[in-house]
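S.K.: Quick one, structure for this:
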Amino acid sequence: MALVEVQVPDIGDFDEVTVIELMVKVGDTVKAEQSLITVESDKASMEIPSSTAGIVKEMRVALGDKVKQGSIVLVVEAAGAAAAPAAAPVAAAAPAPVAAPVAAAAPAASGPLQVHVPNIGDFKDVVVIEVMVKPGDTIKVEQSLITVESDKASMEIPSSHAGVLKELKVKVGDTVNIGDLLAILEGTVAVAAPVAAAVAAAPAASVAVASVPAAAPATVAAVVAAVTAPAHTPGGTTLGLPHASPSVRKFARELGVPLAEVKGSGLKGRITEADVQAFTQAVMSGAAQTKAQAAKAPAASGGGGSELGLIPWPKVDFAKFGPIERKEMGRIKKISGANLLRNAIMIPAVTNHDDADITDLEAFRVSTNKENEKSGVKVTMLAFLIKACVAALKKYPEFNSSLDGDAIVYKNYWHIGFAADTPNGLMVPVIRDCDKKGVLQISQEMGELAKKARDGKLSPAEMSGATFTISSLGGIGGKYFTPIINAPEVAILGVCKSTMEPVWDGKQFVPRLMLPLSLTWDHRVIDGAAAARFNAFLGQILSDFRRVLL
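M.R.: Have a look, this model is predicted:
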């Protein structure tokens, strides 16, 4: 076993570049050609590959360090032979026809001008990952047109001419090679001057980096790009291009992660592989949303949740406090949960609490069930509530409406939804045309729909179209609660378990069966006085059901 120092190869005609990413650590097993670090100049970023396979024994650089040709990156315990000999110098060729700082203006040219991909090194088929201009734009000499990427480097391709962009010949995802037509410009322009004297005077090999190992052609391309590409701000973004190495961008593409939405924790805000993984975990756990997810979420009338500026959901490792058990939410709870959250946040809801005397109505319900015992239909208090609510909705039609932008839609039909507790979560079946049905028919349909809900057989049609909803806790208990409005409805009635209470009749306290009512309403459509009247009227009907006939 031999210890081999892996050095920075010839990285072109500039002195020092900054280490912005460490891609390995002590103890890692690396392969020949595997990327070790990412470095960046003011014009390009590139990954430095290993020339030797083995185990990393010592790191000689840290984030933020400056390195140059010959700097030792790390020490590897090589498993076999030492580093492969450097590739033969690139065959002498004319200096790359690239845009460099203009020394003197060349003769003017007029008419359509073609912009081609310059010499970007000894490799083919680089991918266009960003288009930075559009037809109609006025282009300057050296202005970046597109960004391309190999598996180890990314670079910006500048324009060799100035003028108005008439036609763009490439799009994101295309692959390009040296000489490919990028764009057509129009106008009387000055062609870019030859490469600056310092570059032009150098042998071709100094641009193509002859001493780079043959196994790392992408590094050659990156160095050539450092000469060809215009300056940009390291650590920033170039017209939306995320500040990340090619390998990280490739990793994000494989996971389907929108890299522009990931916050970088690396040097100068650079996005690392760990940042991509953390973002993915946050989205999968529901602690974060992508912009695409947020756009698909239904927005309530009056604005979207993104405008609220909510702080992120807290991330807690519950296991450190004691034993836990994790269970994934069911599909129904996920769907209803998202709707409840939207409704609770977006609707300015107010709840009125009241009591209704149902002593006589309960006696009538019991006697009705005895008389219809053979029919198999059991009348519940909820069926009477539905009929009572229809009467109240007809008297106060704003409770049977919906918001549509700046308009209120008043509905001339009365479909009542009722919240059903099922093993899979909360569901809301809808009984249609309750104004045309009697208590017995409503009770029968309610029983059938509740059974379908428990069996998971409700169709979407049987859960849509409600104009008003009743949420009943039945005989479970409790006194009052605040039900959440089921948008696009504007009100919901919550009822709890009725209790026998002493009620003053003017002469004495008498036992009466009282039903707690909780009416939640949308303050954009309904005011407090109307809500109080609705509750009072509903209580009157329930105390004397003959009022339904009026």
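
S.K.: quick one: buried residues of stretch 529-537?
M.R.: Along stretch 529-537, these residues count as buried under the neighbour rule (16 or more other C-beta atoms under 10 Å): 531, 534-535, 537. Quick note: C-beta positions are derived from backbone N, CA and C, even for glycine.

S.K.: cool, and stretch 139-159?
M.R.: Of the residues in stretch 139-159, those scored as buried under the neighbour-count criterion (16+ other C-beta under 10 Å) are 139, 141-150, 152-159.

S.K.: wait, which of the buried residues of stretch 529-537 is closest to residue 487?
M.R.: Using C-beta to C-beta, residue 531 is the member of these that sits closest to residue 487, with 17.6 Å.

S.K.: That closest one contacts residue 352, doesn't it?
M.R.: Yes - distance between residue 531 and residue 352: 5.0 Å, which falls inside the contact criterion (C-beta atoms under 8 Å).

S.K.: joint contacts of these two?
M.R.: Common neighbours of residue 531 and residue 352, using C-beta atoms under 8 Å, 6 or more residues apart in numbering, are 519, 521.

S.K.: re the thing from before, strands - which of the buried residues of stretch 139-159 land there?
M.R.: Secondary structure of those is defined by DSSP state E; positions in strands are 139, 144-149, 153-158.

S.K.: Just put the buried residues of stretch 529-537 in JSON lines and tack on pLDDT, distance to residue 345 and secondary structure.
M.R.: Conversion of the buried residues of stretch 529-537 to JSON lines gives the following (pLDDT from 0 to 100; distance: C-beta to C-beta, whole Å; DSSP: H, G, I helix; E, B strand; the rest coil):
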{"residue": "531", "pLDDT": "97", "distance to residue 345": "21", "secondary structure": "helix"}
{"residue": "534", "pLDDT": "97", "distance to residue 345": "24", "secondary structure": "helix"}
{"residue": "535", "pLDDT": "95", "distance to residue 345": "25", "secondary structure": "helix"}
{"residue": "537", "pLDDT": "96", "distance to residue 345": "30", "secondary structure": "helix"}
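
S.K.: Closest one to residue 183 out of these, please.
M.R.: Nearest to residue 183, judged by C-beta to C-beta, of those is residue 531 at 64.2 Å.

S.K.: Tell me which other helices or strands the lengthiest strand in the chain touches.
M.R.: Determined from DSSP E, the single longest strand within the chain is strand 509-522. Contact here means 3 or more C-beta pairs under 8 Å, 6 or more residues apart in numbering; DSSP states H and E; on that basis strand 509-522 packs against strand 349-357, helix 359-371, strand 491-495, strand 499-504, helix 528-543.

S.K.: How about residues contacting the second one?
M.R.: Around helix 359-371, the neighbours that count as contacts under C-beta under 8 Å, 6+ apart are 378-381, 384, 439, 498, 512-513, 542-545.

S.K.: by how many degrees do it and helix 528-543 diverge?
M.R.: Compare the direction of helix 359-371 with that of helix 528-543 by axes from the mean of the first three to the mean of the last three C-alpha atoms, to 10 degrees and you get 50 degrees.

S.K.: from memory residue 515 sits against residue 494, does it?
M.R.: No - here residue 515 does not reach residue 494: they are 11.1 Å apart, not a contact under C-beta under 8 Å.

S.K.: for the stretch 1-150 of the chain, what are the low-confidence residue spans?
M.R.: 1, 12-14, 42-44, 79-111, 120-123 (pLDDT under 70).

S.K.: try 80 this time
M.R.: Confidence mapping of the stretch 1-150 of the chain against pLDDT under 80 gives the ranges 1, 10-15, 40-46, 79-111, 119-124, 149-150.

S.K.: Ramachandran coordinates for the spatially most central residue of the chain?
M.R.: Relative to the mean C-alpha position of the chain, the nearest C-alpha, by C-alpha atoms, centre = their mean, is the one of residue 290, at 0.9 Å. Geometry field for residue 290 lists phi and psi as phi -80, psi 160, criterion degrees, to the nearest 10.

S.K.: I'd like the distance between it and residue 257.
M.R.: 8 Å (C-beta to C-beta, to the nearest Å).

S.K.: And residue 149, by the same measure?
M.R.: Taking C-beta to C-beta as the measure, residue 149 and residue 257 are separated by 16 Å.

S.K.: Tell me how far stretch 314-329 lies from the chain's centre.
M.R.: 24 Å (C-alpha atoms, centre = their mean, to the nearest Å).

S.K.: re earlier: please identify the most buried of the helices and strands packed on strand 509-522.
M.R.: Mean neighbour count, computed with mean count of other C-beta atoms under 10 Å, is highest for strand 491-495 among the helices and strands packed on strand 509-522, reaching a mean of 25.

S.K.: Next up, the contacts around residue 463.
M.R.: By C-beta under 8 Å, 6+ apart, the contact list for residue 463 reads 417, 427-430.

S.K.: at 6 Å instead, please
M.R.: Counting by C-beta atoms under 6 Å, 6 or more residues apart in numbering, residue 463 touches residue 428.
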